[in-house]
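Undergrad: Sequence first, then the predicted structure, then my questions.
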Amino acid sequence: MVEFKGGFNSFLLLVFFLSFNIVLFVHGQPLSVVSDYGGNTSQIQTYIVHVSKPKGSNFLGAEDLENWHKSFLPNSTLDTGEPRLLYSYKEAIGGFAARLTPEEVRAMKKMEGFLRANPSQRFELQSTYTHNFLNLSTLFGAWSIATLFGEGIIIGVLDMGIHLPHPSFDDEGMPPRPKGWNASCNFQRPSCNNKVIGAQTFKYGPSTIPPIDKDQGHGTHVAGIAAGNFVDNAEVLDQALGRAAGMAPKAFISVYKVCWIDIGCDSIDVIAGIDQAIQDGVHILQMSIGPKTSIARFILEWMMLLLAHMRRCKKGIFPCVTAGNYGPSQETLGRAAPWDMVVGATTTDRRIRATVTLGNGQEFHGETAYLSNTVIDKFLPLFFSRQRWAK
């Protein structure tokens, strides 16, 4: 069994264990309340530390909470001058992220209010026609009769950031941003608009760096799928010409950059993004992030993110997550928590066909994700392996 010291967090974790019938062991030994995974006891690591509130006290504000978290640390800075405390979580979990040695964390175990500590882990990141395929845009589809294209909904996207100049994030036709919304925007030129109404960055602590998806890659893709605005005459190499849109084209987007090309998605940053999204007041949180492996040492850390997801559900935030990059086979689902909506990959009924014509007139049709505008009009030699073996 796993040892926890009292408090609401430990109760939630116990419920999680019982509901999924999980008993975790590493090399035949139960997982302890302090995990270092065999590291050097004097080496500085980044830990997520779960603590309870002090008995009989109610925090007056963020400063009180931060001071309580700092009281668990041996001092406020490392020998290098870097701060020990990286994040003081307010909503997602009861705890903080800090730079500590395994030895210092073990000493912390004796302190009143301490629940558990785990080294942070890194997770990985997991078309114009889809809304027609799903019948969203028909006369009696969901867009027209039920959802108003997602109007008024705020979708928080935890990912690699966003390419703000992309036409999917133009605010033409968007309503004014919700009253009372005051989330930070780290973009400057161009700045946030009535489509992208929040943009924040997390990398080993809050950052003022603009959450730019420099390669117009994963983060831009995920945000566009969720809530990209209508883009007329969208196409790729003259293929799939049509009107592109996300699933909720009139929804607002708030961006939380928690993933980076060099380090991936560190769990302390992911939890910080969830924590901030809860405080900002998003309605839906989209997170296409998952564990790299299913080995036992990742399970507890992943469970801490599930706890953060449970907390956001209690705040009325709808969680939408991905099923993962692995499978299809048993035990490859990246998410299984009952409070998450898990989205898997599928196909549509549209095909982009590529044709090969042989010298005898036979044609073979296939599919391609890249169809060049150049047509090869001369015949090329074709080797048929059966002829070789016949000799």
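TA: Here it is on my side, so go on. Just so we're clear, the structure is a prediction, and the values are computed from it rather than from any experiment.

Undergrad: now the strands for the stretch 201-350 of the chain?
TA: Assigned strands in the stretch 201-350 of the chain, in chain order: 206-207, 231-236, 239-244, 252-257, 259-260, 264-266, 284-287, 289-290, 318-322, 341-343 (criterion: DSSP state E, counting those that start in this stretch).

Undergrad: Go through these and name the closest to Lys179.
TA: Taking CB to CB, strand 252-257 is the member of these nearest to Lys179, at 12.4 Å. Placement of C-beta: from N, CA and C, glycine included.

Undergrad: Tell me what Ile155 is bridged to.
TA: Ile253, Ile284 (DSSP bridges).

Undergrad: surely it meets Asp280?
TA: No: using CB atoms under 8 Å as the test, Ile155 is too far from Asp280 to be in contact (11.6 Å).

Undergrad: shared neighbours of these two, anything?
TA: The contact sets of Ile155 and Asp280 overlap at Ser254 (CB atoms under 8 Å, 6 or more residues apart in numbering).

Undergrad: Return the most buried member of the strands of the stretch 201-350 of the chain.
TA: strand 252-257 (a mean of 29; mean count of other CB atoms under 10 Å).

Undergrad: what helices or strands is it leaning on?
TA: With contacts defined as 3 or more CB pairs under 8 Å, 6 or more residues apart in numbering; DSSP states H and E, strand 252-257 has these neighbours: strand 154-159, strand 196-202, helix 218-227, helix 267-280.

Undergrad: Can you tell me which of those is packed in deepest?
TA: Burial of those is given as mean neighbour count (mean count of other CB under 10 Å); strand 154-159 ranks first at a mean of 27.

Undergrad: Run through the neighbouring helices and strands of it.
TA: helix 218-227, strand 252-257, helix 267-280, strand 284-287.

Undergrad: For Glu151, find the nearest of the ones you listed.
TA: Proximity to Glu151 (CB to CB) singles out strand 252-257 among these, at 9.1 Å.

Undergrad: if you average pLDDT over the closest one, what comes out?
TA: What strand 252-257 shows for mean pLDDT is 95.

Undergrad: domain parsing for the protein?
TA: Using automatic domain parsing, the domain parsing of the chain gives 8-119, 123-343, 353-390.

Undergrad: Please identify the most buried of the ones you listed.
TA: Across the domains of the chain, the average number of neighbours (mean count of other CB under 10 Å) peaks for domain 123-343, which reaches a mean of 19.

Undergrad: Just the terminal-to-terminal distance for it.
TA: Taking CA to CA, to the nearest Å, domain 123-343 runs 18 Å from one end to the other.

Undergrad: oh, and call the first residue 3 from now on, that's how I've got it
TA: Understood, numbering begins at 3; the last thing we discussed is domain 125-345.

Undergrad: And the helices in the protein, which stretches?
TA: 10-22, 64-72, 104-110, 132-135, 144, 220-229, 269-282, 298-316, 387-392 (DSSP state H).

Undergrad: Which of those helices comes out lowest on mean pLDDT?
TA: Looking at the helices of the chain, the bottom one is helix 10-22 with a mean of 38.

Undergrad: Could you report the distance from the closest residue to Gly275 other than its chain neighbours to Glu106?
TA: Leaving aside its sequence neighbours, Gly275 sits nearest to Tyr258 (CB to CB, 6 or more residues apart in numbering; 3.8 Å). Using CB to CB, to the nearest Å, Tyr258 is found at 30 Å from Glu106.

Undergrad: before we move on, what about Lys380?
TA: In this structure, Lys380 and Glu106 are 71 Å apart, going by CB to CB.

Undergrad: before we move on, what about Val198?
TA: Separation of Val198 from Glu106 (CB to CB) stands at 41 Å.

Undergrad: ok so, going back, so which of the helices and strands packed on strand 156-161 gets nearest Pro56?
TA: Nearest of these to Pro56, taken as CB to CB: helix 269-282 at 20.0 Å.

Undergrad: C-alpha coordinates for that closest one, PDB please?
TA: Output in PDB follows, covering the C-alpha atoms of helix 269-282 (Å, rounded to 0.1, in the frame of the first residue of the first chain):
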ATOM      1  CA  SER A 269       4.600  18.200 -14.500                       C
ATOM      2  CA  ILE A 270       5.300  21.300 -12.200                       C
ATOM      3  CA  ASP A 271       4.500  23.600 -15.200                       C
ATOM      4  CA  VAL A 272       1.400  21.500 -16.200                       C
ATOM      5  CA  ILE A 273      -0.100  21.700 -12.800                       C
ATOM      6  CA  ALA A 274       0.800  25.500 -12.700                       C
ATOM      7  CA  GLY A 275      -1.100  25.900 -15.900                       C
ATOM      8  CA  ILE A 276      -4.100  24.000 -14.500                       C
ATOM      9  CA  ASP A 277      -3.900  26.100 -11.400                       C
ATOM     10  CA  GLN A 278      -3.900  29.400 -13.300                       C
ATOM     11  CA  ALA A 279      -6.700  28.300 -15.600                       C
ATOM     12  CA  ILE A 280      -8.900  27.500 -12.600                       C
ATOM     13  CA  GLN A 281      -8.200  31.000 -11.200                       C
ATOM     14  CA  ASP A 282      -8.900  32.700 -14.500                       C
END
